[in-house]
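Enquirer: Using only what follows, build the 3D model:
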Amino acid sequence: MDAITFLTNDHKVVRAMLEELAATTKRAVKRRTELLQKIAAELEAHTQIEEEIFYPAFKEAGEKSDDDKMFFEAMEEHRTAGDLVLPDLLQTEVGSDQFSGRAKVLKELIDHHAKEEEKEMFPRARKLLGKAELNELGERLAARKAELI
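Expert: Model prediction:
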(Lines give C-alpha, C1' and ligand atoms only; values in the text may rest on other atoms or scores of the structure.)
Protein backbone atom coordinates (compact mmCIF):
# COMPACT_ATOMS: atom_id res chain seq x y z
CA MET A 1 0.00 0.00 0.00
CA ASP A 2 1.39 3.39 -0.87
CA ALA A 3 2.07 6.05 1.77
CA ILE A 4 -0.85 8.25 0.77
CA THR A 5 -3.37 5.42 0.88
CA PHE A 6 -1.97 4.29 4.23
CA LEU A 7 -2.16 7.77 5.77
CA THR A 8 -5.63 8.43 4.32
CA ASN A 9 -6.88 5.18 5.85
CA ASP A 10 -5.40 6.28 9.19
CA HIS A 11 -7.30 9.56 8.86
CA LYS A 12 -10.57 7.67 8.32
CA VAL A 13 -10.05 5.56 11.45
CA VAL A 14 -9.27 8.54 13.68
CA ARG A 15 -12.06 10.68 12.23
CA ALA A 16 -14.60 7.90 12.86
CA MET A 17 -13.49 7.57 16.48
CA LEU A 18 -13.59 11.35 16.98
CA GLU A 19 -17.07 11.45 15.46
CA GLU A 20 -18.19 8.73 17.84
CA LEU A 21 -16.60 10.54 20.79
CA ALA A 22 -18.31 13.82 19.86
CA ALA A 23 -21.67 12.03 19.73
CA THR A 24 -21.38 10.68 23.30
CA THR A 25 -23.13 12.24 26.29
CA LYS A 26 -21.82 13.02 29.78
CA ARG A 27 -23.29 9.71 31.01
CA ALA A 28 -21.09 7.66 28.65
CA VAL A 29 -18.08 7.86 30.95
CA LYS A 30 -16.77 4.36 30.23
CA ARG A 31 -17.17 4.67 26.43
CA ARG A 32 -15.61 8.14 26.40
CA THR A 33 -12.65 6.87 28.40
CA GLU A 34 -12.11 3.90 26.07
CA LEU A 35 -12.44 6.00 22.93
CA LEU A 36 -10.15 8.70 24.23
CA GLN A 37 -7.39 6.18 24.98
CA LYS A 38 -7.70 4.67 21.49
CA ILE A 39 -7.75 8.11 19.85
CA ALA A 40 -4.69 9.23 21.80
CA ALA A 41 -2.74 6.09 20.83
CA GLU A 42 -3.74 6.41 17.16
CA LEU A 43 -2.95 10.12 17.00
CA GLU A 44 0.41 9.73 18.70
CA ALA A 45 1.45 6.90 16.37
CA HIS A 46 0.13 8.66 13.27
CA THR A 47 1.87 11.91 14.14
CA GLN A 48 5.14 10.14 14.85
CA ILE A 49 5.21 8.17 11.60
CA GLU A 50 4.32 11.24 9.54
CA GLU A 51 7.04 13.31 11.23
CA GLU A 52 9.68 10.55 11.08
CA ILE A 53 9.02 9.20 7.60
CA PHE A 54 6.52 10.98 5.35
CA TYR A 55 7.13 14.67 6.08
CA PRO A 56 10.94 14.48 5.70
CA ALA A 57 10.52 12.72 2.33
CA PHE A 58 8.01 15.37 1.25
CA LYS A 59 10.25 18.23 2.41
CA GLU A 60 13.32 16.79 0.71
CA ALA A 61 11.45 16.33 -2.58
CA GLY A 62 9.85 19.77 -2.38
CA GLU A 63 10.68 22.23 -5.10
CA LYS A 64 8.70 25.37 -4.26
CA SER A 65 8.23 27.67 -1.31
CA ASP A 66 4.62 26.43 -1.21
CA ASP A 67 5.94 22.93 -0.47
CA ASP A 68 7.88 24.30 2.51
CA LYS A 69 4.79 26.17 3.70
CA MET A 70 2.72 22.97 3.58
CA PHE A 71 5.39 21.12 5.53
CA PHE A 72 5.69 23.74 8.28
CA GLU A 73 1.94 24.24 8.57
CA ALA A 74 1.41 20.49 8.94
CA MET A 75 4.09 20.34 11.64
CA GLU A 76 2.46 23.23 13.50
CA GLU A 77 -0.95 21.57 13.33
CA HIS A 78 0.59 18.42 14.82
CA ARG A 79 2.10 20.50 17.61
CA THR A 80 -1.21 22.21 18.34
CA ALA A 81 -3.22 19.00 18.44
CA GLY A 82 -0.59 16.77 20.07
CA ASP A 83 1.06 19.12 22.55
CA LEU A 84 -1.82 21.40 23.51
CA VAL A 85 -5.34 20.13 22.76
CA LEU A 86 -4.96 16.35 23.26
CA PRO A 87 -3.10 16.60 26.61
CA ASP A 88 -5.69 19.08 27.84
CA LEU A 89 -8.51 16.72 26.83
CA LEU A 90 -6.77 13.76 28.49
CA GLN A 91 -6.72 15.70 31.77
CA THR A 92 -10.38 16.72 31.55
CA GLU A 93 -13.05 14.86 33.53
CA VAL A 94 -14.83 12.72 30.91
CA GLY A 95 -18.25 13.35 32.45
CA SER A 96 -17.93 17.14 32.30
CA ASP A 97 -19.31 19.75 29.92
CA GLN A 98 -15.73 20.91 29.29
CA PHE A 99 -14.90 17.47 27.92
CA SER A 100 -17.56 17.76 25.22
CA GLY A 101 -16.25 21.15 24.12
CA ARG A 102 -12.62 20.08 24.12
CA ALA A 103 -13.42 16.84 22.26
CA LYS A 104 -15.20 18.91 19.59
CA VAL A 105 -12.20 21.23 19.23
CA LEU A 106 -9.86 18.26 18.80
CA LYS A 107 -12.22 16.74 16.22
CA GLU A 108 -12.33 19.99 14.26
CA LEU A 109 -8.55 20.42 14.36
CA ILE A 110 -7.92 16.88 13.18
CA ASP A 111 -10.57 17.13 10.49
CA HIS A 112 -9.08 20.40 9.19
CA HIS A 113 -5.57 18.96 9.21
CA ALA A 114 -6.57 15.73 7.46
CA LYS A 115 -8.53 17.61 4.79
CA GLU A 116 -5.56 19.88 4.05
CA GLU A 117 -3.23 16.92 3.75
CA GLU A 118 -5.65 15.03 1.51
CA LYS A 119 -6.48 17.99 -0.75
CA GLU A 120 -3.11 19.76 -0.91
CA MET A 121 -0.13 17.84 0.45
CA PHE A 122 -0.98 14.34 -0.80
CA PRO A 123 -1.66 15.35 -4.44
CA ARG A 124 1.58 17.34 -4.40
CA ALA A 125 3.43 14.37 -2.87
CA ARG A 126 2.16 12.13 -5.69
CA LYS A 127 3.80 14.50 -8.20
CA LEU A 128 7.03 14.93 -6.24
CA LEU A 129 7.70 11.40 -5.03
CA GLY A 130 6.43 9.00 -7.66
CA LYS A 131 4.84 5.59 -7.35
CA ALA A 132 7.88 3.51 -6.34
CA GLU A 133 8.95 5.88 -3.58
CA LEU A 134 5.38 6.20 -2.26
CA ASN A 135 5.11 2.40 -2.11
CA GLU A 136 8.42 2.15 -0.24
CA LEU A 137 7.32 4.90 2.16
CA GLY A 138 4.01 3.10 2.69
CA GLU A 139 5.84 -0.06 3.75
CA ARG A 140 8.02 1.94 6.15
CA LEU A 141 4.99 3.76 7.61
CA ALA A 142 3.12 0.48 8.19
CA ALA A 143 6.13 -1.21 9.80
CA ARG A 144 6.86 1.75 12.08
CA LYS A 145 3.22 2.10 13.12
CA ALA A 146 3.09 -1.60 13.99
CA GLU A 147 6.08 -1.03 16.28
CA LEU A 148 4.38 1.90 18.00
CA ILE A 149 0.86 0.50 18.53
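Enquirer: Per-residue pLDDT of Asp97, please?
Expert: pLDDT for Asp97: 89.
Enquirer: Contacts only, for Leu36.
Expert: By CB atoms under 8 Å, 6 or more residues apart in numbering, the residues touching Leu36 are 21, 89-90, 94, 103. Just so you know, the C-beta spots here come from the backbone N, C-alpha and C atoms, and that holds for glycine as well.
Enquirer: Tell me the spacing between Asp2 and Glu116.
Expert: Computed as CB to CB, to the nearest Å, the Asp2 to Glu116 distance reads 19 Å.
Enquirer: Kindly report the same for Lys107.
Expert: Relative to Glu116, Lys107 is positioned 15 Å away (criterion: CB to CB).
Enquirer: Looking at the two, which is more packed in?
Expert: It is Lys107, of Lys107 and Glu116, that has more neighbours when counted by other CB atoms under 10 Å, with 19 against 15.
Enquirer: List phi and psi for Leu137.
Expert: Taking degrees, to the nearest 10, you get phi -60, psi -40 for the backbone angles of Leu137.
Enquirer: Name the nearest residue to it, ignoring sequence neighbours.
Expert: Spatially, and ignoring its direct neighbours in sequence, Leu137 is nearest to Ala3 (3.8 Å; CB to CB, 6 or more residues apart in numbering).
Enquirer: I am finished for the moment; much appreciated.
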